[in-house]
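K.L.:
Got a sequence here, can you build the structure:
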Amino acid sequence: MYRIGIIGCGKIAQVRHVPEYLASGRARIDAWYDLNLERARELAARHGGKACSSVDELLDMPLDAVSVCTANHTHAEMAIRALEKGLDVLCEKPMATSLEDCLAMVEAADKAGRILMIGQNQRLTGAHRRAHELIHSGHIGRVISFRTTFGHGGPETWSVDPGRNTWFFDSKLAVMGAMADLGVHKTDLVDFLLDDEVASVTAVLSTLDKRGADDKLIAVDDNAFCVYKMKGGAIGTMTASWTNYGSEDNSTIIYGSLGVMRIYDDKDHSIVIEMKDGTKEYYDVDQIQTNDNQTSSGVIDHFLASLDSRSCDMSGRDVLPAMKAVFAAIESSRTGHSVSC
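P.N.:
Got it, this is the predicted structure:
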């Protein structure tokens with residue numbers, strides 16, 4: 001039975017980490033910390049364990065691992081402190097808010113000899129895993145181009161403190177907007193699906209519609225439009241949006257030399273492949289979860305399995321290429337030029 005500490009008791013902890021740890025039957029939550037101590041106390045009273053008044057108090061407890069579920073700007077600090085205490089770490093995305101911090105996290109994990117896993121849950125969905133197998137087998141031929149999108153109506157209803165005061169809109173806490181919240185998922189997914197890495201980025205990150213409590217445009221991006229050139233030669237687009245006020249869009253289309261693969265693009269089939277000769281194939285693997293339809297992400301099971309095996313294929317080092325692309329996109333948007341990763 002793994003002894004877990006939760007650092008940050010907001011929405012992502014409450015609807016994903018906590019219930020998935022408890023459902024696993026292989027972990028118990030012994031320690032809780034949140035800036036809002038009362039929130040930590042409520043969860044401790046409900047699920048057991050101790051509400052800690054500081055991170056230091058939590059890290060001094062006899063734990064095996066922690067989940068870092070805090071605001072973006074603290075991910076690196078919290079993860080590194082836990083690693084230096086000899087704990088394994090599951091850190092929410094985005095991994096960190098600068099490349100320097102991402103590299104420092106990987107170095108800390110290596111030095112401590114501990115697991116550092118990043119919660120890139122798109123890699124774990126059934127359709128994405130099946131799509132990876134099909135692409136890798138050459139089923140649709142050589143990948144020529146792609147289009148991947150993640151868009152919904154924004155984090156206002158998702159945050160534990162809903163509304164336009166959400167920390168997601170605060171540039172000091174979130175640092176990045178839709179690119180960090182959604183774009184990092186689909187960037188990492190492209191790397192995973194294609195077994196490739198982004199070589200260069202041309203991007204525009206903009207704030208088009210979202211307004212904070214002061215009714216002014218928020219200080220982080222609510223849309224990101226990126227063109228990725230992959231090291232293997234494929235070129236495609238990645239878009240992330242908080243202003244999709246219709247149905248959530250989490251689709252990916254891969255254009256190969258032998259056919260086209262559509263993933264989570266059809267309401268009835270999780271993968272649809274149309275071959276060059278016009279024949280179609282349908283794969284009914286699963287339905288992707290949305291903010292309004294939460295199902296198990298698989299992240300906690302994957303983390304616990306990594307603790308068992310002492311190896312992880314969603315480690316900080318594995319996610320570094322995607323983070324490099326994210327920071328390159330931000331730089332490209334700032335300068336108006338393509339940026340190499």
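K.L.:
Give me the residues contacting the one helix or strand in the chain whose mean pLDDT sits lowest.
P.N.:
Ranked by mean pLDDT, DSSP states H and E, the weakest helix or strand in the chain is helix 11-12, scoring a mean of 93. With contact meaning C-beta atoms under 8 Å, 6 or more residues apart in numbering, helix 11-12 is reached by 69, 92, 158, 159, 160. Every residue, glycine included, has its C-beta placed from N, CA and C.
K.L.:
quick one: which of the residues you listed is nearest to residue 181?
P.N.:
residue 158 (9.2 Å; C-beta to C-beta).
K.L.:
can you list the domain ranges for the protein.
P.N.:
Here the domain parsing of the chain from automatic domain parsing is 2-121, 122-292+314-340.
K.L.:
With distance to residue 307 and mean neighbour count added, can I get these in TSV?
P.N.:
TSV is the format used below for the domains of the chain (distance: least, C-beta to C-beta, whole Å; neighbours: other C-beta atoms under 10 Å):
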stretch	distance to residue 307	mean neighbour count
domain 2-121	6	20
domain 122-292+314-340	12	19
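K.L.:
mind checking which of the ones you listed is nearest residue 301?
P.N.:
domain 2-121 (6.2 Å).
K.L.:
Just the mean pLDDT for stretch 134-142, thanks.
P.N.:
Across stretch 134-142, the average pLDDT comes to 98.
K.L.:
Pull the residues that contact it.
P.N.:
By C-beta under 8 Å, 6+ apart, stretch 134-142 touches 143, 193-195, 254, 256-261, 271, 273, 275.
K.L.:
how near is residue 65 to residue 314?
P.N.:
14 Å (C-beta to C-beta, to the nearest Å).
K.L.:
now do residue 323
P.N.:
13 Å.
K.L.:
now swap in residue 99 and tell me
P.N.:
Counting by C-beta to C-beta - residue 99 and residue 314 are separated by 19 Å.
K.L.:
And for residue 191?
P.N.:
Counting by C-beta to C-beta, the gap from residue 191 to residue 314 is 11 Å.
K.L.:
The contacts of helix 11-12 in helices, which ones?
P.N.:
Assigned to helices by DSSP state H, none of those qualify.
K.L.:
Which of those residues sits closest to residue 179?
P.N.:
residue 92 (15.4 Å).
K.L.:
residue ranges with poor pLDDT in the chain?
P.N.:
288-295 (pLDDT under 70).
K.L.:
just the helices in it please.
P.N.:
Under DSSP H, the chain gives helices at 11-12, 18-24, 37-47, 55-59, 75-84, 99-112, 126-136, 178, 184-194, 299-309, 316-335.
K.L.:
Out of those, which is closest to residue 200?
P.N.:
Judging the helices of the chain by C-beta to C-beta, what sits closest to residue 200 is helix 316-335, at 7.3 Å.
K.L.:
chain center to the closest one, what's the gap?
P.N.:
Relative to the centre of its chain, helix 316-335 is centred 14 Å away, using C-alpha atoms, centre = their mean, to the nearest Å.
K.L.:
what's it packed up against?
P.N.:
Using 3 or more C-beta pairs under 8 Å, 6 or more residues apart in numbering; DSSP states H and E, the elements in contact with helix 316-335 are helix 99-112, strand 116-118, helix 184-194, strand 198-206, strand 223-230, strand 339-340.
K.L.:
Would you agree residue 186 is in contact with residue 148?
P.N.:
Yes - under the criterion of C-beta atoms under 8 Å, residue 186 makes contact with residue 148 at 4.6 Å.
K.L.:
between those two, what contacts are shared?
P.N.:
With C-beta under 8 Å, 6+ apart, residue 186 and residue 148 have common neighbours 238, 252.
K.L.:
Do you have the strands of the stretch 151-300 of the chain handy? List them.
P.N.:
In the stretch 151-300 of the chain, the strands defined using DSSP state E, counting those that start in this stretch lie at 198-206, 223-230, 235-241, 252-256, 259-263, 271-275, 280-283.
K.L.:
would you list the helices and strands packed on helix 316-335 in a markdown table and tack on distance to residue 56?
P.N.:
Listed next are those as a markdown table, based on distance: least, C-beta to C-beta, whole Å:
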| stretch | distance to residue 56 |
| --- | --- |
| helix 99-112 | 17 |
| strand 116-118 | 20 |
| helix 184-194 | 29 |
| strand 198-206 | 36 |
| strand 223-230 | 36 |
| strand 339-340 | 39 |
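K.L.:
To residue 127, which of the ones you listed lies closest?
P.N.:
helix 184-194 (10.5 Å).
K.L.:
what does the closest one contact?
P.N.:
93-95, 120-123, 128, 131-132, 135, 143, 146, 148-150, 196-198, 226, 228, 230, 232, 234, 236, 238, 240, 252, 254, 319, 321-323, 325-326.
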